[in-house]
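J.: show me how the following folds:
(2 chains)
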Amino acid sequence: GAVVSQHPSWVICKSGTSVKIECRSLDFQATTMFWYRQFPKQSLMLMATSNEGSKATYEQGVEKDKFLINHASLTLSTLTVTSAHPEDSSFYICSASLLAAGPYNEQFFGPGTRLTVL
Amino acid sequence: GQQLNQSPQSMFIQEGEDVSMNCTSSSIFNTWLWYKQDPGEGPVLLIALYKAGELTSNGRLTAQFGITRKDSFLNISASIPSDVGIYFCAGRTTNRGSTLGRLYFGRGTQLTVWP
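T.: Sure thing, here's the model as predicted:
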């Protein structure tokens, strides 16, 4: 149980293009999904918290117009990196949790998406 | 935001040895979690701790929630090569408002196990 998938697992794009990353909870309904960014040999940095059906809450310093988050259903959240630039190259990881008592109220992470912007 | 101090930053040990790593915080947490991350993968939850003083085991892994609620440690006994990876501690404070469920992560401990 508690499986979270991400698609694609890696993507290479040209500077200026937009990239969409999907995060799905496969065997539970996720009330909340989180998006993180991780640079090499560093910890996970929370970018935003997303509750189903409402606007995402972005962390300080994260541009909401650049990193568009949509959480349209209880099993799917998407992160779109708009007008990507080389400095956006990173490992993007999502996590999902069900905000209720039980085995799924912790954050379970997806396998990550490696974004390389040329 | 809250800072978690995780140590050591890296460890090089021989197979069969025991390992210990810890996390401290200047803030009180209600939950401590320990995750393991393999290269190119997302973190996998190892142990979750919910009460001060709680000691929990998962196979060869044992973790404790400090009495002050500002620290936690993880022990790995009889290490094996597949224990290699980065171990992260994470803490969660309250369950209110927009920070509901938000985790604060340590910087990670890179574990290398020599056969």
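J.: so what pLDDT did A:T57 get?
T.: In the prediction, the pLDDT value recorded for A:T57 is 91.
J.: show me where pLDDT drops low in chain B?
T.: Across chain B, the ranges flagged by pLDDT under 70 are B:1-2, B:94-101.
J.: correction: the previous question concerned chain A.
T.: A:1, A:99-104.
J.: not counting its neighbours along the chain, what's nearest the residue in it that chain B sits nearest to?
T.: Nearest to chain B in chain A, going by C-beta to the nearest C-beta, is A:F109, at a distance of 3.6 Å. Bear in mind the C-beta positions are built from the backbone N, C-alpha and C, glycine included. Excluding its sequence neighbours, the residue lying closest to A:F109 (C-beta to C-beta, 6 or more residues apart in numbering or on different chains) is B:G42, at 3.6 Å.
J.: B:G66 now?
T.: Spatially, and ignoring its direct neighbours in sequence, B:G66 is nearest to B:S72 (5.8 Å; C-beta to C-beta, 6+ apart).
J.: what about the residue of chain A closest to chain B, neighbour count?
T.: By the measure other C-beta atoms under 10 Å in any protein chain shown, the count of residues near A:F109 is 23.
J.: beta partners for it?
T.: Beta bridges link A:F109 to A:S95 when assigned by DSSP bridges.
J.: would you agree the residue nearest to B:G66 falls within a helix?
T.: No - counting by DSSP: H, G, I helix; E, B strand; the rest coil, B:S72 is not part of a helix but strand.
J.: that one reaches B:L49, doesn't it?
T.: Yes - using C-beta atoms under 8 Å, B:S72 makes contact with B:L49 at a distance of 6.4 Å.
J.: what do the two both touch?
T.: Shared contacts of B:S72 and B:L49, defined by C-beta atoms under 8 Å, 6 or more residues apart in numbering or on different chains, are found at B:32, B:63-65.
J.: quick one on the thing from earlier: so what's the residue nearest to A:F109 up against?
T.: So B:G42 contacts A:4, A:6, A:93, A:95, A:109-112 (C-beta under 8 Å, 6+ apart).
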